[in-house]
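*Asks:* what follows is a predicted structure for the sequence shown.
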Amino acid sequence: MLVHLPILQVIVPLIAAPACLILRRPKLVWLFALFASSLAFIISILLLQQVMTAGTISYELGGWSPPWGIEYRIDKLNAFIALIISGISTVVLLAAQTSIEKEIPKDKQPLFYILYLLSLSGMLGIVTTGDAFNVFVFLEISSLSAYSLIALGKDRRALWASFQYLIMGTIGATFILIGIGLMYQMTGTLNMADLAVRLPEVAETRTITTAYVFFIVGVCLKLALFPLHFWLPNAYAYAPSIVTAFFAATSTKVAAYLLIRFTFSIFGISFSFTTLPIETMFLVMGLLGIFIASTVAIYQDNIKHVFAYSSVAQVGYMIVGFSLSTPAGLTAMLLHMFNHALMKGALFMALVAIMYRVGSSKINDLQGLGRQMPLTVAAIVVGGLSLIGVPLTVGFVSKWYLVVAAIEKGWWWLAGLVLLGSLLAVIYVWRIIETAYFKAPILGQQPVKEAPMAILVPVWLLVSANVYFGIDTRFSVEIAASAAKSLFGVAQ
Amino acid sequence: MIFSLETLLQLCILLPIFATLFIVAFRRHPNLREAVSLATSLCVFYAVVTIYLGLDAGETIAVHWLQVLPGLSLSFSVEPLGMIFALIASFLWFVTIIYSIGYMRGHNEDHQTRFFCCFAIAIGSVMGVAFADNLFTLFIFYEVLTLSTYPLVTHAGTDAAKKGGRVYLGILLSTSVAFFLFAILGTWVIAGTLDFTQGGVFPVDANTTLLGIILVLFIFGIGKAAIMPFHRWLPAAMVAPTPVSALLHAVAVVKAGVFTVMKVGMFIFGLDLLIVLPTTQFLLYLAGASVLLASFVAMRQDNLKARLAYSTVSQLGYITIGVLLATSSGVIASSMNIAMHAFGKITLFFCAGAILVAAHKSNISEMRGLGRQMPFTMVAFFIGSLSIIGLPPTGGTWSKWYLLMATLETDQLIIMVILMLSSLLNIAYLMPIPFHAFFSISPTKNEHRVATAKVQIKEAPTASLIAIGITALGCLVLFIYPNPLYELASAILEPQQSTHGN
């Protein structure tokens, strides 16, 4: 059984999705989906343990040996990312039943769980597979289900947002496919490890350069790297809030994973960083993303928009870490992927609670909420502090590593800019906090109660994770550092 | 003794934080709730005194909590400078609670539970700052202190309070993130350690220009030390209830700032390095300018609390100057001034609060003739003022004395002139207040409320008066009996046995 874990990681949610149709009753479906997601979570924990002790796992799908058959290849990097995805998915699902009660019509609720599980299995598939074409297949599974999930939103603008995402996402996926196709044309293989061996022979050709460019642009679209982020804010704002919580914490991580996997493991460091001035490009776009998206976030009046733009800015931090092209920089990026999943998970889950009680995520509707929903607003405060990067939260750990990586490279100015960028977060977070605590409730508005336990528990699970992993960093730092080192091929 | 000194050290930090649970639990019973605060503060003070006796007996006290990042741990140890800070903060916390009970009730403030909770957390983090064994631990508690005092500053919940809170948090957080953290990270990368070490941590061959820049970043980044141009938060914080201004913005928060400056100056850079850095002189003049300008601004303030706030900005400059002079008498002067200024300024703030509660006045121009109505308060105000100015028979004399000696030793004549000038300015903006209170006639006697109050004595609630009495007495006692303080202060620079936890 343990041998088959890599494929079970993907198959469990994939099979569970259609099985939901048999159950029909929303509550049962929910329990079943929760079960499937927890199973996936347990599997990824086991996988991570195996990888940490025994090294990389290679799994031959259907017994066909690579490079002819499809290979699933688990190393520290993707075991880590799979853990983030399945973990967040499970915690978010805890609140799903309660939350969609108000946001999705009853007859569509089973559908929601099916799409959710499909999306989960798609993301896990992208992460675990060792086959480049398989990546595209799972990318489409997760994207198509994501478009539909977003379109389930109560607000009619959800349709438009979903459509916008559909167009941009498809362009991105097509670009990735073109990139993979060109590589296949030149090397005749789709297996990642095999590609890595064969690519250097043909690296000088224009075809491979073109493949690389297509791939990078495609991934950056999915990653919502500034200035390719336009689909993201609306998709996050108008999707059902539970969907936003799931995607905000996971989907950009998957794209970031693809970027790392292809540049480091397939194209190779020397090719990736010499063909294009990718360090400079990413550095500039990352920094622009941090400053512009954060500034835009300050002026939003819907909190979902605030946090969505903040996500774009956080992607900027990850990309800045990437652009340092040192093990320390990559460690910072990986750490931030983990930590950002926790912060945004916590924040968007708190918004789930607010949507449930207040029915709106406009900043002005938060007036006086500090008194009516103290636990939820307190969760936003802690999550916000983490976003700013206050010590004892995960945000601080990310920032620390990123700045140290910049200084070690001798880029003092970058260190200063990164810290300045986090000041912008202070402003947009504080706007929310001030409104919730200091403004009197709007006259005539019904006072609301604290969110139900079903939502509060996952919210505070994530919030405590923000604090726990901010204090005890052994787990996250160790994995991120060793994954980064092995990607750089440094002997440990 | 029941507890080991290590346990007591941890209790100093944890007790106030645990106390918040009980404060919240007893929110419906104000008397019990305040009893919790009082009991906690007494326990903490007892613990600090016991630690002091232990330190005096030559014991090494260090605690290691956990390692947050590789090489960076939360750990604590006791050394003389931190001891001074902890002793003062814990003692004055106790006094302030007595005072607050009178003030908050006399003033019918809302949300008293939140008030006492945040107060307790703030003190817990002050203890953390005082006993921090490395810059990392110090930084964490420094930030906790900022965040826990924010609800206290915005206590009133009005627009003015919100605006004050914004400036407060904005400046303190921005400077700490953009400069202080930056400087810490720079130190970490250059020196490879953040442990406070006698004589500094930087390698001998480090680039002095770079270190000079880091020093500037430290001085600007430690916004709590209120060196101009990052002092605006302190006057802004005056929207807080008076006990908050008294303890936090005369003692805990601002002293945490200058304390951090001292720690960084002595145990990260080391005095020998401090002298040779190219930016030290510039920073000295900046601090000097801060001292003078703040005094000038203070003269122009009519609101008593605003005047006291600017006076604090000016006095904090003294302490920074003391460190930057980088001589032993400078350090002694600074560490003594932490104590002296704390007692003096808290007395003044207590008086300001008492005047607000009893006579509902906050502007100096309205306080003429008030001495007849509130003689006790005004005498205390007079004593506090003397200590701030540095005149006998008050404790402030000693710290000013050592600071002037230090400027002479280092031939910083310009700084010396600035300090003398500033003392004159202190007299000019503090003395008229008690003077007019006793010797002028109330200009508003046609107001019937004041006219009736004029003849009879109407002081603040007794609890507040007791607190004022204690601190005013403290100013006098420190003049006659400054020895323990002096010994602690001079022990700071003595090479001591390694007090670092692993």
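*Replies:* Noted; the coordinates are in hand. Numbering: from 1, shown residues only, chains lettered A, B, ... in the order given.
*Asks:* surely residue A:336 is in contact with residue A:321?
*Replies:* Yes: applying C-beta atoms under 8 Å, one finds residue A:336 in contact with residue A:321, separated by 6.4 Å. Every residue, glycine included, has its C-beta placed from N, CA and C.
*Asks:* overlap in contacts of those two?
*Replies:* A:401-402 (C-beta atoms under 8 Å, 6 or more residues apart in numbering or on different chains).
*Asks:* now the strands for chain B?
*Replies:* For chain B, the strands defined by DSSP state E cover B:62-69, B:72-77.
*Asks:* list the buried ones in the longest one?
*Replies:* By neighbour count on 16 or more other C-beta atoms under 10 Å in any protein chain shown, the buried set for strand B:62-69 is B:62-63, B:67-69.
*Asks:* name the nearest residue to residue A:245, ignoring sequence neighbours.
*Replies:* Once flanking residues are discounted, residue A:245 sits nearest to residue A:348: 3.8 Å by C-beta to C-beta, 6 or more residues apart in numbering or on different chains.
*Asks:* mind listing what the one you found touches?
*Replies:* By C-beta under 8 Å, 6+ apart, residue A:348 lies in contact with A:241, A:244-245, A:248-249, A:304, A:307.
*Asks:* doesn't residue A:448 lie inside a helix?
*Replies:* No: Residue A:448 is assigned coil when assessed by DSSP: H, G, I helix; E, B strand; the rest coil, not a helix.
*Asks:* what about it, how many neighbours?
*Replies:* 18 (other C-beta atoms under 10 Å in any protein chain shown).
*Asks:* now do it against residue A:433, distance only.
*Replies:* Using C-beta to C-beta, to the nearest Å, we find residue A:448 at a distance of 18 Å from residue A:433.
*Asks:* cool, and residue B:151?
*Replies:* Taking C-beta to C-beta as the measure, residue B:151 falls 11 Å from residue A:433.
*Asks:* can you pick out the residue with more neighbours from these two?
*Replies:* Neighbour count, other C-beta under 10 Å: between residue B:151 and residue A:433, residue B:151 has more, with 21 against 18.
*Asks:* list just the one of the strands of chain B that sits closest to chain A.
*Replies:* Nearest of the strands of chain B to chain A, taken as C-beta to the nearest C-beta: strand B:62-69 at 5.6 Å.
*Asks:* what pairs with that closest one, parallel or antiparallel?
*Replies:* strand B:72-77 (antiparallel) (DSSP bridges).
*Asks:* list the contacts of the partner strand.
*Replies:* Under C-beta under 8 Å, 6+ apart, the answer for strand B:72-77 is B:9-10, B:13, B:60-68, B:128, B:131-134, B:136-137, B:140, B:188, B:194, B:499-501.
*Asks:* now list the buried members of those residues.
*Replies:* Using 16+ other C-beta under 10 Å, the buried ones in the contacts of strand B:72-77 are B:9-10, B:13, B:60-63, B:67-68, B:128, B:131-134, B:136-137, B:140, B:188, B:194, B:499, B:501.
*Asks:* could I get the contacts of residue A:348 as JSON lines with neighbour count?
*Replies:* Shown next, in JSON lines, are these (neighbours: other C-beta atoms under 10 Å in any protein chain shown):
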{"residue": "A:241", "neighbour count": "28"}
{"residue": "A:244", "neighbour count": "29"}
{"residue": "A:245", "neighbour count": "31"}
{"residue": "A:248", "neighbour count": "30"}
{"residue": "A:249", "neighbour count": "28"}
{"residue": "A:304", "neighbour count": "24"}
{"residue": "A:307", "neighbour count": "31"}
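*Asks:* tell me the two of those that are most distant?
*Replies:* Among the contacts of residue A:348, the pair separated by the greatest distance (C-beta to C-beta) is A:249 and A:304, at 13.8 Å.
*Asks:* pLDDT weak spots in chain B?
*Replies:* Within chain B, the stretches with pLDDT under 70 are B:1-2, B:109, B:442-456, B:495-502.
*Asks:* run the chain-centre distance for the longest helix seen in it.
*Replies:* The residue-count maximum for a helix in chain B (DSSP state H) belongs to helix B:328-359. Counting by C-alpha atoms, centre = their mean, to the nearest Å, helix B:328-359 is centred 8 Å from the centre of its parent chain.
*Asks:* what residues does the stretch 301-450 of chain A have near chain B?
*Replies:* Residues of the stretch 301-450 of chain A found near chain B (C-beta under 8 Å from any C-beta of the partner chain) are A:385, A:388-392, A:397, A:400, A:403-404, A:407-408, A:412, A:415-416, A:419-420, A:422-423, A:426, A:430, A:434, A:438.
*Asks:* show the buried residues in these.
*Replies:* Applying 16+ other C-beta under 10 Å to those flags A:385, A:388-392, A:397, A:400, A:403-404, A:407, A:412, A:415-416, A:419, A:422-423, A:426, A:430, A:434, A:438 as buried.
*Asks:* just to revisit the earlier point, Serialize the buried residues of strand B:62-69 to JSON lines and add fields for distance to residue B:373.
*Replies:* Shown next, in JSON lines, are the buried residues of strand B:62-69 (distance: C-beta to C-beta, whole Å):
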{"residue": "B:62", "distance to residue B:373": "52"}
{"residue": "B:63", "distance to residue B:373": "50"}
{"residue": "B:67", "distance to residue B:373": "59"}
{"residue": "B:68", "distance to residue B:373": "55"}
{"residue": "B:69", "distance to residue B:373": "58"}
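*Asks:* what is the nearest of the residues you listed to residue B:223?
*Replies:* Once C-beta to C-beta is applied, the member of the buried residues of strand B:62-69 that ends up nearest residue B:223 is residue B:68, at 23.0 Å.
*Asks:* contact partners for the closest one?
*Replies:* Contact partners of residue B:68, counting by C-beta under 8 Å, 6+ apart, are A:397, A:470-473, B:74, B:136.
*Asks:* buried members of the residues you listed into ChimeraX, please.
*Replies:* Buried members of the contacts of residue B:68, defined by 16+ other C-beta under 10 Å, are picked up in ChimeraX with:
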select /A:397,470,471,473 /B:74,136
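*Asks:* in helices only, show me the contacts of residue B:68.
*Replies:* Filtering these for helices - DSSP H - leaves A:397, A:470-471, B:136.
*Asks:* what sits closest to the spatially most central residue of chain A if chain neighbours are left out?
*Replies:* For chain A, residue A:250 is the residue whose C-alpha lies nearest the centre (C-alpha atoms, centre = their mean; 2.5 Å). Nearest residue to residue A:250, sequence neighbours excluded (C-beta to C-beta, 6+ apart): residue A:85, at 4.8 Å.
*Asks:* in stretch A:174-193, what counts as buried?
*Replies:* Quick answer for stretch A:174-193 (16+ other C-beta under 10 Å): A:175-183, A:186-187, A:189-193.
*Asks:* endpoints of stretch B:173-181, how far apart?
*Replies:* 10 Å (C-alpha to C-alpha, to the nearest Å).
*Asks:* tell me which residues are up against that stretch.
*Replies:* Residues outside stretch B:173-181 that contact it (C-beta under 8 Å, 6+ apart) are A:388-389, A:403, A:416, A:419-420, A:422-423, A:426, B:139, B:142-143, B:146, B:217-218, B:220-223, B:230.
*Asks:* now do the contacts for residue B:440.
*Replies:* B:368-369.
*Asks:* er, residue A:286 I mean
*Replies:* By C-beta under 8 Å, 6+ apart, residue A:286 lies in contact with A:225-226, A:315-320, A:322-323.
*Asks:* mean confidence for the helix or strand where it lies?
*Replies:* Per DSSP states H and E, residue A:286 falls inside helix A:278-288. Averaged across helix A:278-288, pLDDT comes to 90.
*Asks:* ok, whichever helix or strand comes after it near chain B or not?
*Replies:* Scanning forward in sequence from helix A:278-288 by DSSP H and E, the next helix or strand is helix A:294-298. No: contact of helix A:294-298 with chain B (C-beta under 8 Å from any C-beta) is absent, the minimum separation being 13.2 Å.
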